[in-house]
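[1] coordinates only, sequence not included:
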């Protein structure tokens, strides 16, 4: 069964760091472009980061540039999201998503992604 599973969420204080992982089963994640999205209560789902399947391109939402880093670990079939300098505005459920192919020009559009994980909660306390 094709599946994406996120891990690494939790509670952290302002200024702290967390690393989220997205692990795929039944398909090779490096053949898919991958995005991390987040959704805070009462807000729309928004893209956070994107990484192409061939690892050549990364995109970051303006709100996380310089603080978040996305990377692949192909040996573990995983895409990681390293988050630093966290603030309460980063509090949300974080989802990873994958789309077929190496890249997508519409990387910030949730409709471009075929597979989604169930999400992991990140809470940043003030």
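    Sure thing, it's come through. The model shown is predicted, which means the values in this text are computed figures rather than measured ones.
[2] in the host helix or strand of residue 82, what's buried?
    Residue 82 belongs to strand 78-83 when assigned by DSSP states H and E. Buried positions in strand 78-83, judged by neighbour count with 16 or more other C-beta atoms under 10 Å: 78, 79, 80, 81, 83. (Each C-beta comes from the backbone N, C-alpha and C, glycine too.)
[3] show me what that strand is in contact with.
    Contact with strand 78-83 is made by 17-24, 29, 34, 36, 48-49, 51, 64, 67-73, 90, 94, 96, 122, as judged by C-beta atoms under 8 Å, 6 or more residues apart in numbering.
[4] again, only using 7 Å
    17-23, 29, 34, 36, 49, 51, 67-73, 90, 96 (C-beta atoms under 7 Å, 6 or more residues apart in numbering).
[5] so what strands line up beside it?
    strand 18-25 (antiparallel), strand 68-73 (antiparallel) (DSSP bridges).
[6] count of neighbours near residue 104?
    Other residues within reach of residue 104, judged by other C-beta atoms under 10 Å, total 19.
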